[in-house]
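> got a predicted model here, sequence first, then my questions.
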Amino acid sequence: MGFQMGLPANFVKAIPRIERILRYTEAHLDIRYPVNIDRIIEKLIIEVEVKPFVEDVLEGYCLPGDSRGLGRKIVVNANKPVEVRRMAKAHELHHLLEHQKDLPLYSHIGQVDRILEKEANFAAAYYLVPGKCIALCEEWKSGTYQELAEKLDVPVDLVIKRYDIYLEMKQWRTGLDLLNP
Ligand SMILES: [Zn+2]
C-alpha cells in the first residue's frame, strides 16, 4: 500500500472518527472563526484544567479517567500562549480518544520522534484547521500560512501540517499515487 506517504497509518485510520466528532459537535461549521475546541471537549464530557506548570517544557497532558471513561481530563499549561494551548487541547484529546492503553503520556509536543506524538500533532492540525480553509487558500492563491494561522488562532506549524494532509488526501482522491508509486 503505497498511498499513505508521510502520514502515520494510525492517524489515517482515525480520520473518519475525527470527522464524526467534528460533525457531531458542529465546532467548525463557520470557518470565519477559529474552531471551538473547548466545545468539542465539553461535548465529549472531558474536563479541562488550565494551570501554570512547574516544568515549562510541557504544553499539556491528559488523565484517562476510570474504565468507563469517567473523569477524563485534559490539563494545559497556562504559561503557554493561547494558540499553543489550543493545539495542546486538540493534541491531548487525540491521546485520550485513540491512545487509551498508552496513557498517561507526559511528553513534549515537539517530541516528533515518538509516533504517538506525531499522530496527535496531525490530529490537532485536522481538528483546528478546517480543510475548507486550506482549499480556499489554495484556490485564491491569497493569504499566507501566517494569516490563516492568526485567523484560526493556531501555531503556523499546524497550518503547514494541515496543508500536507490536504495535499495527500487530494492525491488519494485523484489517484495520482498510481502514477507515482
Ligand atoms: Zn502528546
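Good, I have the coordinates.
> okay, CA-based contacts and neighbour counts for the rest of this
Fine.
> nearest residue to residue 162 in space, please, no chain neighbours.
Once flanking residues are discounted, residue 162 sits nearest to residue 125: 5.2 Å by C-alpha to C-alpha, 6 or more residues apart in numbering.
> how about the contacts made by that neighbour?
Listed by C-alpha atoms under 8 Å, 6 or more residues apart in numbering, the contact set of residue 125 reads 87, 158, 159, 161, 162.
> out of these, which is most surrounded?
residue 87 (27 neighbours; other C-alpha atoms under 10 Å).
> okay, the residue nearest to residue 162 and residue 17: tell me how far apart.
Distance, residue 125 to residue 17, using C-alpha to C-alpha, to the nearest Å: 15 Å.
> just the helices in the chain please.
9-25, 37-43, 82-98, 115-128, 131-140, 145-152, 156-174, 176-179 (DSSP state H).
> export those helices to TSV and tack on mean pLDDT and distance to residue 58?
Converted to TSV, those look like this (pLDDT from 0 to 100; distance: least, C-alpha to C-alpha, whole Å):
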stretch	mean pLDDT	distance to residue 58
helix 9-25	95	22
helix 37-43	95	19
helix 82-98	96	10
helix 115-128	95	13
helix 131-140	78	28
helix 145-152	91	22
helix 156-174	88	17
helix 176-179	60	38
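> of the contacts of residue 125, closest to residue 152?
Nearest to residue 152 out of those is residue 159 (C-alpha to C-alpha; 9.0 Å).
> the closest one and residue 129 touch, don't they?
Yes - between residue 159 and residue 129 there is a contact at 6.4 Å, judged by C-alpha atoms under 8 Å.
> brilliant, that's me finished.
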